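>>> Just a sequence and a predicted model for now, questions to come.
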Amino acid sequence: MSSSAVEITTPDGVAGAYLARPDDRPHPGVLLIMDAFGLRPAIDQMADRIAADGYVVLAPNVFYRAGRLPVPDLSDSEARASFFQSIRPLMDELVPERVASDGGAYLDCLADLAQPGPVGITGYCMGGRIAWRIAAAHPDRVAALAAFHPGGLVTDAPDSPHRSAGHLKAELYFGFADQDPSMTADQIATLERTLDDVGARYHADVYESAPHGYTMADTPAFDEAARERHFGELHALLERTLG
């Protein structure tokens, strides 16, 4: 296993990223899209674990326009809430056109580092929504899309992610959090109907008793059993689609 910090040139600047790979040989690529709390050791460790299964994993700082934000102690509820409020404007700035442009740059970088061919994308919380938009904007470059405790995939907005389902070519997996206000049972049902209507290949699970953010070991939402299930489902999806 090896890891390093890399820089990704985008149309709007330079995004820092964490790169993990099992060795120097060619391996399929996986793009890991962080949650709203940003790049930090918890994300690095997840990238390392995915890489250990035989993948080149690239985790970009999707908030790069604001630089690398210092992440507070996320176990502290007040610090966590204050930090989340400070990054709200950065989340709002990631409109579909900007995500599509950034995503092309992330995929270009991964193409230089991994073996040729389509890649997998895995996204967490906010990152699930961003991962969807990247896969919809670059369908021929993405073979697998996984989203864990994702929010905002179904909204009333004209540019709601679910409205672009017909653009996706990837096999999809969703690990929803139980009783997640950012992705309710009604929203999940709407998403599934939409995916059925376009003939998408997908599987959706609701992880019972798992809160929003269950994969993140440095937050109070962490659920070890749910995170282990996530790694198993992601491994199976990547093995099916990337080999």
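Noted; the coordinates are in hand.
>>> okay, CA-based contacts and neighbour counts for the rest of this
Noted.
>>> In what element of secondary structure is the residue of the chain most remote from its centre found?
Relative to the centre of the chain, the most outlying C-alpha is that of residue 78, 25.5 Å out, by C-alpha atoms, centre = their mean. Using DSSP states H and E, residue 78 maps to helix 77-92.
>>> Using PDB, write out every CA atom in that helix.
Extracted in PDB, the C-alpha atoms of helix 77-92 (Å, rounded to 0.1, in the frame of the first residue of the first chain):
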ATOM      1  CA  SER A  77     -21.500  18.800  18.700                       C
ATOM      2  CA  GLU A  78     -21.100  22.600  18.900                       C
ATOM      3  CA  ALA A  79     -17.900  22.600  16.800                       C
ATOM      4  CA  ARG A  80     -19.500  20.200  14.300                       C
ATOM      5  CA  ALA A  81     -22.600  22.400  13.900                       C
ATOM      6  CA  SER A  82     -20.600  25.600  13.600                       C
ATOM      7  CA  PHE A  83     -18.300  24.000  11.000                       C
ATOM      8  CA  PHE A  84     -21.300  22.700   9.000                       C
ATOM      9  CA  GLN A  85     -22.800  26.200   8.900                       C
ATOM     10  CA  SER A  86     -19.500  27.600   7.600                       C
ATOM     11  CA  ILE A  87     -19.400  25.100   4.700                       C
ATOM     12  CA  ARG A  88     -23.100  25.500   3.700                       C
ATOM     13  CA  PRO A  89     -22.200  28.200   1.200                       C
ATOM     14  CA  LEU A  90     -19.500  26.000  -0.300                       C
ATOM     15  CA  MET A  91     -22.100  23.200  -0.800                       C
ATOM     16  CA  ASP A  92     -24.500  25.600  -2.500                       C
END
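>>> what helices or strands is that helix leaning on?
The helices and strands touching helix 77-92, judged by 3 or more C-alpha pairs under 8 Å, 6 or more residues apart in numbering; DSSP states H and E, number zero.
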